[in-house]
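Chemist: would you be able to build a 3D model of this:
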Amino acid sequence: MKPIIIPSNRPPERFYRGGARISAFRGEAAAAPREPEDWVGSTTTIRGEEALGLTSLADGRLLRDAIDADPVAWLGERHARRWGSDARLLVKLLDAGQRLPVHAHPHDDFAASHLGRAHGKAEAWYILEGGTVHVGLREDVAVEALADLVARQDVDTLLGLLHAVEVQPGDVVWVPPGELHAIGAGVLLVELQQPEDLSILLEWEGFEIDGPQHGHLGLGFDLALAAVTRTARSLAEMGALVHAAPPSGSVFPRDADEYFRLERMPVHGAAVVEPGFAIVVVVSGTVDLAGQQLAAGATVLVPAAAGRLEVSGDGELLVARPPAP
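Modeler: Residues are numbered from 1 along each chain as shown. Just a heads-up that it's a prediction; the model follows:
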């Protein structure tokens with residue numbers, strides 16, 4: 001098996017605007033106004049959909065089905081022995097054409113108990129184009145007060161509860177399950193997350209979604225808000241959540257390792273991508289990966305059976321992987 005260059009996979013008519021920055025990054029024609037996400041190497045569907053969001057391979061198979069048929073070749077023997085054909089990873093390119101709503105995602109235990117899902121949704125971002133992100137509470141908030149803000153759609157107060165942080169290209173943001181957050185307009189990022197589409201929306205005014213109907217995962221807000229972290233983050237804690245990535249190697253905090261891993265790999269001459277299932281994003285420059293010329297914006301699906309891969313050229317890669325088995 002060889003690495004596979006994968007094209008855009010951009011679900012249409014999402015509830016928020018964006019997509020032009022993804023098109024520019026990939027060197028593609030302009031997108032529709034509400035195609036703000038590119039689901040890269042996806043075995044995950046949009047919540048409530050049968051196939052939307054899934055990656056298709058050149059031979060017509062869904063990546064999900066190909067992995068199901070041969071999990072060892074795709075994911076590696078140790079991964080398959082522990083987790084079967086569950087890739088345990090979703091990578092996205094995300095372009096916030098408008099500020100996203102204040103929202104959070106449930107933890108594994110909550111998702112299993114109340115939604116019957118195998119995963120919650122931890123996520124982390126590598127910033128490609130900067131702006132403002134809103135992450136973590138500035139002060140503790142009672143669940144009754146939070147529910148009242150949601151019911152009244154007091155957006156200014158909701159957003160004001162969160163730390164507002166300016167991010168630059170090369171910064172990383174770790175968003176644990178339950179953490180309230182909102183990505184500011186103009187930010188382009190690579191997102192690693194658990195392979196689920198589970199969001200608890202605390203605001204919806206100005207977005208193409210029926211928040212009272214769909215914002216609580218079908219649980220009602222009384223229960224859904226129990227999955228939201230309501231304790232404040234100190235400035236020291238914020239420094240652990242949002243910071244500049246090191247110039248090479250692992251970039252996310254150690255707490256993220258149980259969910260996914262991301263390696264920053266500068267290439268100046270020669271480098272090596274070690275064996276194992278991975279999704280590679282070329283961030284800058286031009287590189288040769290296993291005999292394939294790749295420019296910035298390219299995304300590559302690497303099966304475990306592809307083995308050790310040599311890279312040459314002048315550029316930078318991000319190598320996204322599931323947790324170590």
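
Chemist: run a quick neighbour tally on the spatially closest residue to Glu274 that is not a sequence neighbour.
Modeler: Nearest non-adjacent residue to Glu274, counting by CB to CB, 6 or more residues apart in numbering: Arg308, 6.3 Å away. (Each C-beta comes from the backbone N, C-alpha and C, glycine too.) When neighbours are defined as other CB atoms under 10 Å, Arg308 has 10 of them.

Chemist: CA atoms only: put the helix or strand hosting Val172 into PDB for me.
Modeler: For Val172, the host element (DSSP states H and E) is strand 171-175. In PDB, the C-alpha atoms belonging to strand 171-175 read as follows (Å, rounded to 0.1, in the frame of the first residue of the first chain):
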ATOM      1  CA  ASP A 171       0.000  28.400  17.600                       C
ATOM      2  CA  VAL A 172      -1.900  25.400  19.000                       C
ATOM      3  CA  VAL A 173      -5.200  25.300  21.000                       C
ATOM      4  CA  TRP A 174      -6.200  22.300  23.100                       C
ATOM      5  CA  VAL A 175     -10.000  22.000  23.700                       C
END
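
Chemist: can you name every helix or strand that it contacts?
Modeler: The contact analysis (3 or more CB pairs under 8 Å, 6 or more residues apart in numbering; DSSP states H and E) places strand 171-175 against strand 123-129, strand 131-137, helix 235-241, strand 242-244.

Chemist: what's the angle from it to strand 123-129?
Modeler: If you take axes from the mean of the first three to the mean of the last three CA atoms, to 10 degrees, strand 171-175 sits at 160 degrees to strand 123-129.

Chemist: what's the angle between strand 171-175 and strand 131-137?
Modeler: On the basis of the same axes, to 10 degrees, strand 171-175 is oriented at 30 degrees to strand 131-137.

Chemist: specify the beta-bridge partners of the residue nearest the centre of the chain.
Modeler: Taking CA atoms, centre = their mean, the centroid of the chain lies closest to Glu191, which sits 2.9 Å from it. Counting by DSSP bridges, Glu191 forms beta bridges with Lys92, Trp125.

Chemist: just to revisit the earlier point, you'd agree the residue nearest to Glu274 is up against Val273?
Modeler: Yes. Under the criterion of CB atoms under 8 Å, Arg308 makes contact with Val273 at 7.3 Å.
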